[in-house]
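Colleague: Give me coordinates for this.
(one chain, ligands or ions: 1)
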Amino acid sequence: MEIIQFVRAISTDMECPQCKRGRMRPLGIIMGQPPPNYAHICTACGFKCEYDKAYPTLVQVGEGEVLKVEEE
Ligand SMILES: [Zn+2]
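Modeller: Numbers count the residues shown, from 1 in each chain. Here you go, the predicted structure:
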């Protein structure tokens, strides 16, 4: 049976650790497996860094559902 419901969207983004102004965006390059690392580049200064996820992430949570956020 289909379940139709309103959802809230939660986005997680990453600021540039170098200039603190830009946002980190994936280059589409996945390094090493497992676990995979996603190569990112800063939108402002071009600083490159790898993360274990591709930013920005988007999670949809149904009304009344509880989202467990893992501490890093
Ligand atoms: Zn930057």
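
Colleague: For the protein, which residues score under the pLDDT cut-off?
Modeller: 67, 69-72 (pLDDT under 70).

Colleague: Show me which residues of it sit near the ion.
Modeller: Proximity of the chain to the ion, by Cβ under 5 Å from the ion, involves residues Cys16, Gln18, Cys19, Gly22, Cys42, Ala44, Cys45, Phe47. Using the backbone N, CA and C atoms, a C-beta is placed for each residue, glycine as well.

Colleague: List the residues that contact the third one.
Modeller: Yep, that's Cys19 we're talking about. Residues in contact with Cys19 (Cβ atoms under 8 Å, 6 or more residues apart in numbering) are Cys42, Ala44, Cys45, Phe47.

Colleague: For it, which three-state class applies?
Modeller: For Cys19, the assignment made with DSSP: H, G, I helix; E, B strand; the rest coil gives coil.

Colleague: and the residues of the chain next to the ion, which are buried?
Modeller: Cys16, Gly22, Cys42 (16 or more other Cβ atoms under 10 Å).

Colleague: Kindly list the longest strand within the chain.
Modeller: Scanning the chain for the longest strand, with DSSP state E as the assignment, gives strand 24-31.

Colleague: so what strands line up beside that one?
Modeller: Paired with strand 24-31 in the same sheet, following DSSP bridges, are strand 37-42 (antiparallel).

Colleague: hey, C-alpha coordinates of the next helix or strand along the chain from the strand it pairs with in PDB?
Modeller: Counting by DSSP states H and E, the element after strand 37-42 in chain order, helix or strand, is strand 48-51. The C-alpha coordinates for strand 48-51 follow below in PDB (Å, rounded to 0.1, in the frame of the first residue of the first chain):
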ATOM      1  CA  LYS A  48      40.100  20.600  -2.100                       C
ATOM      2  CA  CYS A  49      39.100  18.200   0.600                       C
ATOM      3  CA  GLU A  50      37.700  14.700   1.000                       C
ATOM      4  CA  TYR A  51      34.700  13.700   3.000                       C
END
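
Colleague: Thanks a lot, see you next time.
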